[in-house]
Every structure is written in C-alpha cells, then in structure tokens.
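*Asks:* sequence and predicted structure below; questions after.
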Amino acid sequence: MEEKKKGFSVKDRRIFSRETEEVKEGRDRGESAKKVSGEDKREDAKVGREERSGIPESENQLPEVNFATFVLSLSSSALMHFGEIPDQTTGKKAKNLALAKHTIDLLGMLEEKTKGNLTEDEDKLLKNILYDLRMRYVREKG
C-alpha cells in the first residue's frame, strides 16, 4: 500500500503581504491550498508577526515564557487594577478593585492547582506575590 505523506492544508486568506504579487499569482493559478511542513508553518507565523508589528521578531525583546513570567504578568495586571501602574494602552492609572480581586483569585487558584508541582523558587515567588497582593487588597478595602 502506498502511504500518504502526513501534513495538512492551509488556505492562504491574507489580503496583503510583503510578497503580495507572489500571493496574488498563486491565487490566480487556482492554488488555494498548499502542503506545509512544521518548519514552514513556524516561518510563516514569524513573518506574519513581523509584518503586523513592523519590527523583526529578533528585535522584540519578550521574556522567556515560563511559570515565573506568567505569574509576574498576572501580578502586573493586578497592580494595574490597583491603579499603581498605568494601563499600557491608555497610559492612565485607574483603580478597579473588582478586577484586582479577580486577578488575585486567579493566582490563588493557580497556587491550589499547582500544589506539589512547582520548584521551590516558583512556589516562593507565587506565595510572596499572593501575600503582597492580598495585603494591598485588604488595605484598599479597609
């Protein structure tokens, strides 16, 4: 029996790209789908992100995605809702204690669900952040 190559079809629905003529030509020839390997897909995604941001991905200095950065990101959201740091989109500080409490509750749930699965450093980080945010919330409500 003949084995089929594993892959999947991707329909290109972009309106424009750096290679506009190439995409347009492909559509004109009736090529609505193509086989894409995992590496091609990653490269296409990288080009798409660069086009949207206007900044090459290598210049986007985003931190490594790990548990600590996730917890710190949620902590930053809570601080924004406490009105301690400005919203990145508006540049304004605004208090919203309900959203701050919601974010604290999310971190609390994360602590509960990850119990026994964290490294000592991750556990300390989460506990310290939760303690700090909960104390801020009590001060704000008091």
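*Replies:* Yep, it's here. The model shown is predicted, which means the values in this text are computed figures rather than measured ones.
*Asks:* burial measure for residue 137, as a count.
*Replies:* 18 (other CB atoms under 10 Å). From N, CA and C alone the C-beta is placed, and that goes for glycine too.
*Asks:* could you do residue 132 as well?
*Replies:* Residue 132: 14 neighbours (other CB under 10 Å).
*Asks:* what are the contacting residues of the host helix or strand of it?
*Replies:* Element membership for residue 132 (DSSP states H and E) is helix 120-141. For helix 120-141, contacts defined as CB atoms under 8 Å, 6 or more residues apart in numbering pick out 67-68, 71-72, 75, 78, 82, 95, 97, 100-101, 103-104, 107-108, 110-111, 114, 118.
*Asks:* repeat the analysis, applying 10 Å as the threshold.
*Replies:* With CB atoms under 10 Å, 6 or more residues apart in numbering as the test, helix 120-141 has contacts from 66-68, 70-72, 74-75, 78-79, 81-84, 95, 97, 100-101, 103-104, 107-108, 110-111, 114-119.
*Asks:* in PyMOL, how would I select just the buried ones from those?
*Replies:* Applying 16 or more other CB atoms under 10 Å to those, the buried members can be selected in PyMOL as follows:
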select buried, resi 67+68+71+74+75+78+79+81+82+83+100+101+103+104+107+110+111+118
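*Asks:* quick one on the thing from earlier: and the helix holding residue 132, C-alpha only, in PDB?
*Replies:* Output of helix 120-141 as PDB, limited to C-alpha atoms (Å, rounded to 0.1, in the frame of the first residue of the first chain):
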ATOM      1  CA  GLU A 120      10.900  25.700  45.400                       C
ATOM      2  CA  ASP A 121      11.700  29.100  43.700                       C
ATOM      3  CA  GLU A 122       8.400  29.000  41.800                       C
ATOM      4  CA  ASP A 123       6.400  28.200  44.900                       C
ATOM      5  CA  LYS A 124       8.100  31.000  46.900                       C
ATOM      6  CA  LEU A 125       7.500  33.500  44.100                       C
ATOM      7  CA  LEU A 126       3.800  32.700  43.900                       C
ATOM      8  CA  LYS A 127       3.300  32.700  47.700                       C
ATOM      9  CA  ASN A 128       5.200  36.100  48.000                       C
ATOM     10  CA  ILE A 129       3.200  37.700  45.200                       C
ATOM     11  CA  LEU A 130      -0.100  36.400  46.500                       C
ATOM     12  CA  TYR A 131       0.700  37.700  50.000                       C
ATOM     13  CA  ASP A 132       1.700  41.100  48.700                       C
ATOM     14  CA  LEU A 133      -1.400  41.500  46.500                       C
ATOM     15  CA  ARG A 134      -3.800  40.200  49.200                       C
ATOM     16  CA  MET A 135      -2.300  42.800  51.700                       C
ATOM     17  CA  ARG A 136      -2.700  45.500  49.100                       C
ATOM     18  CA  TYR A 137      -6.300  44.500  48.600                       C
ATOM     19  CA  VAL A 138      -7.100  44.500  52.300                       C
ATOM     20  CA  ARG A 139      -5.500  48.000  52.600                       C
ATOM     21  CA  GLU A 140      -7.600  49.300  49.700                       C
ATOM     22  CA  LYS A 141     -10.800  47.800  51.000                       C
END
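*Asks:* much appreciated, bye for now.
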